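**Q** Have a look at this prediction, sequence included:
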Amino acid sequence: MPNLTPGDGQDLLARLKRAAEQRDVDLALAQFREDAELRGDPFEEPLVGANAIRAAWNDAAATRVNVEMDAEQVWAVGTTVLARWHGAYTRRSDAHRIRQRGFLTIELDDAGLIARMREWTLTRDVGIDSSVQAEGDADPGATHGG
């Protein structure tokens, strides 16, 4: 793969943003190699392979709503994309709004697929999202029709 341009990096981050915000696991996985490595925390073991990465994206899609993600700055060096980003989501279980800010590195293979992705993320609980009913708050006697 030739050297990436900043636009190439922005395009990749736009696809990951769309996958995260739409909770589209298939779109997310289409960006990764089958044997890719994803390290969501520098102090934990990486997820290796499509099955492990799919499980993490499935979990996020099932447990989060109102997802937002934006790259603030994107750099491209050789076949590596670097980005400073911020985002937010609401946990379905308790309706808490979580804000995140982080930095990530993405190493691409010759086909332009993610071979390795590493993230460093700061996370803060900023309170209850009043637009979401926590899963535990549902009225057990209510019907789906309201």
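**A** Structure's in. What do you need?

**Q** quick one: the residue nearest to the spatial centre of the chain from Gly136, how far?
**A** Computing the C-alpha centroid of the chain and ranking residues by Cα atoms, centre = their mean puts Ala20 first, at 5.0 Å. Per Cβ to Cβ, to the nearest Å, Ala20 is found 25 Å from Gly136. (Glycine included, C-beta is placed from N, CA and C.)

**Q** How about Glu72?
**A** For Glu72, the distance to Gly136 (Cβ to Cβ) stands at 34 Å.

**Q** Ile106: how many residues sit nearby?
**A** Residues within reach of Ile106, counting by other Cβ atoms under 10 Å, total 26.

**Q** Check what pLDDT it gets.
**A** pLDDT recorded at Ile106 is 98.

**Q** And what about it, helix, strand or coil?
**A** Under DSSP: H, G, I helix; E, B strand; the rest coil, the three-state class of Ile106 is strand.

**Q** you'd agree it is up against Ile114?
**A** Yes - Ile106 lies in contact with Ile114 (Cβ atoms under 8 Å); the separation is 5.6 Å.

**Q** now what about the helix ranked longest in the chain, what contacts it?
**A** Counting by DSSP state H, the longest helix found in the chain is helix 6-21. With Cβ atoms under 8 Å, 6 or more residues apart in numbering as the test, helix 6-21 has contacts from 24-25, 27-28, 31, 57, 60, 67-71, 74-76, 81-83, 85, 87, 106, 108, 112, 114.

**Q** Try it again at 7 Å.
**A** 24, 27-28, 31, 67-71, 74-76, 81, 83, 106 (Cβ atoms under 7 Å, 6 or more residues apart in numbering).

**Q** okay, it in PDB with CA atoms only?
**A** The C-alpha trace of helix 6-21 is given here as PDB (Å, rounded to 0.1, in the frame of the first residue of the first chain):
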ATOM      1  CA  PRO A   6      -4.700  12.600   5.600                       C
ATOM      2  CA  GLY A   7      -7.900  12.100   3.500                       C
ATOM      3  CA  ASP A   8      -7.400   8.400   3.500                       C
ATOM      4  CA  GLY A   9      -7.200   8.500   7.300                       C
ATOM      5  CA  GLN A  10     -10.300  10.700   7.500                       C
ATOM      6  CA  ASP A  11     -12.200   8.300   5.200                       C
ATOM      7  CA  LEU A  12     -11.300   5.300   7.500                       C
ATOM      8  CA  LEU A  13     -12.300   7.200  10.600                       C
ATOM      9  CA  ALA A  14     -15.600   8.200   8.900                       C
ATOM     10  CA  ARG A  15     -16.400   4.500   8.300                       C
ATOM     11  CA  LEU A  16     -15.600   3.600  11.900                       C
ATOM     12  CA  LYS A  17     -17.700   6.600  13.100                       C
ATOM     13  CA  ARG A  18     -20.700   5.400  11.000                       C
ATOM     14  CA  ALA A  19     -20.200   1.800  12.300                       C
ATOM     15  CA  ALA A  20     -20.100   3.000  15.900                       C
ATOM     16  CA  GLU A  21     -23.000   5.500  15.700                       C
END
